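Peer 1: Sequence first, predicted model second:
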Protein chains: 2
Amino acid sequence: MKKTQFMFVTISLLCGQLALAQDQTPADDWNPASSNQPGKEYPQVNSEGRVKFRIVAPEATSVGCTFRDSSEFTKGEDGAWYGITRPLDEGFHYYLIRIDGAEVPDPNSLMFFGAMRWGSAVELPAHDQDFYALKNVPHGQLRELFFHSPSTDSMRRAFVYTPPGYDQHPDRRYPVLYLQHGWGENEYGWGAQGCADLIMDNLLAENKTRPFIIVMIYGMTNEIRFGGLRNFDIGPFETVLVKELIPFIDANFRTLADQPHRAMAGLSMGGMETKTIALRNLDTFSHIGLFSGGSIGPDDIPDLAAFKQTNKLVFVSYGSREIGGDRPRRGGDPKATAAALKETGVNSHYYVSPNTAHEWQTWRRSLREFAPLLFNH
Amino acid sequence: MKKTQFMFVTISLLCGQLALAQDQTPADDWNPASSNQPGKEYPQVNSEGRVKFRIVAPEATSVGCTFRDSSEFTKGEDGAWYGITRPLDEGFHYYLIRIDGAEVPDPNSLMFFGAMRWGSAVELPAHDQDFYALKNVPHGQLRELFFHSPSTDSMRRAFVYTPPGYDQHPDRRYPVLYLQHGWGENEYGWGAQGCADLIMDNLLAENKTRPFIIVMIYGMTNEIRFGGLRNFDIGPFETVLVKELIPFIDANFRTLADQPHRAMAGLSMGGMETKTIALRNLDTFSHIGLFSGGSIGPDDIPDLAAFKQTNKLVFVSYGSREIGGDRPRRGGDPKATAAALKETGVNSHYYVSPNTAHEWQTWRRSLREFAPLLFNH
């Protein structure tokens, strides 16, 4: 399993964010990115999915960014440095700026945690961005809270999304989805670049999903050796999640505190964690979602008869750019695997995000597709 | 009033964060700052309140930081750049790194919004830091939510702190404090560098304050001309706060929705806003707090008799470094002003934070002193 997880890191680095090998003159329809800090005119994005940066570094000799194949930054007439990327996939992309060899956040962008750092990111307008837009609809709340973890002897942060109406209906109880980030990310991811709260608010406004609570925590316990994936042992995290967090949530929120009303999902490494933990705790979770994080076939399930009795959903998704081409795929074709599982009678779903890779646009869409399938039994 | 607000900006820039003019060899007891990103060894802080930076910028010719009077950064044996500040006040300080003339966030620090940007900050251990430490005590929740503002035709973000037990006591109602950030900051400030949630959790754990709700929103409405203080008109913000936010909070939280149970406070520009808005809306707010943001004397109150009938508290605070020395102070001595107000029979309190300037350590302590005085009538 360690090798499999390492594969995800590799895919994440190799797939990159550059989609097309175009080299024409960029379209001159630039607009400030929605991921900019307030009042910042740059970075700008155009209709081709290119990003244009502006960096003030008067005495630098070399300025660039971490997007592969972006143009060399050059000094403009105003003395600032400008550079343009090749077209990127629509959606969200991490990056840093390089100034004379230093890799630093772009002072113009909002900050997000990914690739093991708080750093910059740029949001490319997507044809379907309406599903995670901030609209004048009833909104839930994204709550930051702390709970004590005896097994790690630490106070740990959780984010909890409560749907619209939670406070107005004190007699109502809700199912819960435990939702995990990917490697190099943390508990902020789904509520920030993941737009989990806005996706749910919009789905609920259109009556496309049942209301449920979403809980997000940091998916590792080895903070001291932060990012040490090779040394990662899932056991301590499983203890925090199953033995400590779930009882805390059930004690402090109006949950439907039983297996039929509890789901787990995650992206990339979080999908691997979901597969391992959910299959080891069949009495805890009834719905399973893996977003770009492996697949579940009949061979993965030790006791298929027992599994079918309690599992209500297995959902697997990928970005189309992750699964295309001739690259051999460890674990086989996830679509065929999902079909084989369905064949056994499991409620198996498979989704492919069009024209996206191992990136947040894939996972936003995965949540949009996954949520309406939850807790329908 | 515009000039007065401009003064606050000036003070904020001039007071700076450098406290002592020592120039000895730094004490060799460095530890990573608590404000570092996970796993980062730098910046480090020592027992004198100095900060040591380490920046990897192999091809740079000049590296530094925005702290005044810090040492020139020099290349160490490992090829990275190192620099040390003079002793700073204990507490929290914004900064940026300079690389060949570019001002950028330090990739090693967590990111905070201040000085009109998301950027770096460093936390110096304080002798009294226990009052805002994360402890194993019952914790409230810091809730991010959105509300629609008709007057600005926008969805606006609010953070709402609910005290421990809020969800467990659905029959209980709470007073509310509306708490504002300073110029160049935003609605994230009090819940991040302000530690408002932890200060309240700790006060409540020691039974030193009554539980109440705290509401935090962005204190300006001119996002397009972000930071344009000269053009700042408080009227539109007053409308958002009084006519839109308060009704929304009263409709969506279990508040005690009347004037005796509603307070307003703010720091620096937020104190100016509090003074203006609270004095114009005596039927809305009963408790007033100005942290490094002006003072209220008998001459500021048009109808003192009416004021005394409904006001329950006027609290004014400053950092000791803001009010010392021979610098003439616009508006006179705030201590004398507070005493004069008390003389008229108003419940006037005055607090000075020892050895701090126009900075968050002053305002954390101000909240600690202010909270126990609230809603005691």
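Peer 2: Structure's in. What do you need?

Peer 1: Would you mind giving the secondary structure of the residue lying farthest from the centre of chain A?
Peer 2: Relative to the centre of chain A, the most outlying C-alpha is that of A:Glu77, 39.6 Å out, by CA atoms, centre = their mean. For A:Glu77, the assignment made with DSSP: H, G, I helix; E, B strand; the rest coil gives coil.

Peer 1: Output the below-cut-off pLDDT ranges for chain A.
Peer 2: A:1-23, A:222-231, A:325-331, A:377 (pLDDT under 70).

Peer 1: Show me the domain layout of it.
Peer 2: Recorded structural domains for chain A (assignment: automatic domain parsing) are A:27-125, A:130-373.

Peer 1: ok, and does the shortest one reach over to chain B?
Peer 2: Yes: judged by CB under 8 Å from any CB of the partner chain, domain A:27-125 comes into contact with chain B at A:37-39, A:55-62, A:96-97, A:99-107, A:110-111, A:116-119. In short, each C-beta sits where N, CA and C put it, glycine included.

Peer 1: Quick one: distance of that domain to the chain centre.
Peer 2: In terms of CA atoms, centre = their mean, to the nearest Å, the centre of domain A:27-125 is set 21 Å apart from its chain centre.

Peer 1: Also the longest one?
Peer 2: Taking CA atoms, centre = their mean, one finds the center of domain A:130-373 at 10 Å from the center of the full chain.

Peer 1: What distance do you get for A:Phe375 to A:Ile217?
Peer 2: As for A:Phe375, its distance to A:Ile217 is 21 Å (criterion: CB to CB, to the nearest Å).

Peer 1: How many neighbouring residues does A:His127 have?
Peer 2: 8 (other CB atoms under 10 Å in any protein chain shown).

Peer 1: Mind listing the strands the helix or strand where A:Val316 lies pairs with, and their directions?
Peer 2: Take DSSP states H and E as the rule and A:Val316 turns out to sit in strand A:313-319. In the sheet, strand A:313-319 lines up against strand A:287-291 (parallel), strand A:348-353 (parallel) (DSSP bridges).

Peer 1: Single out the most deeply packed of these.
Peer 2: strand A:287-291 (a mean of 29; mean count of other CB atoms under 10 Å in any protein chain shown).

Peer 1: Following the chain past it, name the next helix or strand.
Peer 2: Downstream of strand A:287-291, the next assigned helix or strand under DSSP H and E is helix A:304-310.

Peer 1: what's in contact with that following helix?
Peer 2: Outside helix A:304-310, the residues that touch it by CB atoms under 8 Å, 6 or more residues apart in numbering or on different chains are A:Gln259, A:Leu282, A:Asp283, A:Ser286, A:Pro298, A:Ile301, A:Thr344, A:Gly345, A:Val346.

Peer 1: Show me which of those are buried.
Peer 2: By neighbour count, with 16 or more other CB atoms under 10 Å in any protein chain shown, these hold A:Gln259, A:Leu282, A:Ser286, A:Ile301, A:Val346 as buried.

Peer 1: Dump the residues you listed into TSV; add distance to A:Ile249 and secondary structure as well.
Peer 2: Shown next, in TSV, are the buried ones among the contacts of helix A:304-310 (distance: CB to CB, whole Å; DSSP: H, G, I helix; E, B strand; the rest coil):
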residue	distance to A:Ile249	secondary structure
A:Gln259	14	helix
A:Leu282	19	coil
A:Ser286	16	coil
A:Ile301	27	coil
A:Val346	27	coil
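
Peer 1: wait, which of the residues you listed is closest to chain B?
Peer 2: A:Gln259 (23.3 Å; CB to the nearest CB).

Peer 1: Settle this for me: A:Leu279 is touching A:Asp300, isn't it.
Peer 2: Yes: under the criterion of CB atoms under 8 Å, A:Leu279 makes contact with A:Asp300 at 6.8 Å.

Peer 1: After the host helix or strand of A:Phe146, heading C-terminal, what element do we hit next?
Peer 2: According to DSSP H and E, A:Phe146 maps onto strand A:141-149. Where DSSP H and E defines the elements, the next helix or strand beyond strand A:141-149 is strand A:154-162.

Peer 1: what about A:Gln361, helix or strand, and which?
Peer 2: Using DSSP H and E, A:Gln361 falls in helix A:360-370.

Peer 1: Let me know the secondary structure of the residue lying closest to A:Ala192 once chain neighbours are set aside.
Peer 2: Excluding the flanking residues, the one nearest A:Ala192 by CB to CB, 6 or more residues apart in numbering or on different chains is A:Phe112, at 5.8 Å. Recorded secondary structure, A:Phe112: strand (three-state DSSP).

Peer 1: check contacts around A:Phe112.
Peer 2: Counted by CB under 8 Å, 6+ apart, A:Phe112 has contacts A:Tyr94, A:Trp118, A:Gly119, A:Ser120, A:Ala121, A:Tyr188, A:Gly189, A:Ala192, A:Gln193.

Peer 1: need the strands for the stretch 101-250 of chain A, in chain order.
Peer 2: A:102-104, A:111-114, A:117-124, A:141-149, A:154-162, A:176-180, A:213-217 (DSSP state E, counting those that start in this stretch).

Peer 1: returning to that earlier point: will you turn the domains of chain A into a markdown table that also has distance to B:Gln309?
Peer 2: Listed next are the domains of chain A as a markdown table, based on distance: least, CB to CB, whole Å:
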| stretch | distance to B:Gln309 |
| --- | --- |
| domain A:27-125 | 41 |
| domain A:130-373 | 34 |
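
Peer 1: right, so of those domains, which gets closest to B:Glu244?
Peer 2: In terms of CB to CB, the element of the domains of chain A nearest to B:Glu244 is domain A:130-373, at 12.9 Å.

Peer 1: Spell out which residues of the stretch 101-250 of chain A are next to chain B.
Peer 2: A:101-107, A:110-111, A:116-119, A:134-136, A:139-148, A:155, A:160, A:167-168, A:170, A:186, A:191, A:223-227.

Peer 1: Now a PyMOL select for only the buried ones of the residues you listed.
Peer 2: PyMOL command restricting these to the buried ones, with burial defined by 16+ other CB under 10 Å:
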select buried, chain A and resi 101+102+103+104+105+106+107+110+111+116+117+118+119+134+139+140+141+142+143+144+145+146+147+148+160+167+186+191+227
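
Peer 1: Tell me how many other residues crowd the closest residue to A:Gly140 other than its chain neighbours.
Peer 2: The shortest distance from A:Gly140 to any non-neighbouring residue, by CB to CB, 6+ apart, is to A:Pro163 (4.5 Å). Using other CB under 10 Å, A:Pro163 has 23 other residues around it.

Peer 1: go on, A:Asp258?
Peer 2: Other residues close to A:Asp258 by other CB under 10 Å number 12.

Peer 1: mind checking the backbone torsions on it?
Peer 2: In terms of degrees, to the nearest 10, the main-chain angles of A:Asp258 are phi -140, psi 170.

Peer 1: Contacts only, for it.
Peer 2: So A:Asp258 contacts nothing (CB under 8 Å, 6+ apart).

Peer 1: and the gap between it and A:Phe315?
Peer 2: Relative to A:Phe315, and taking CB to CB, A:Asp258 is found at 20 Å.
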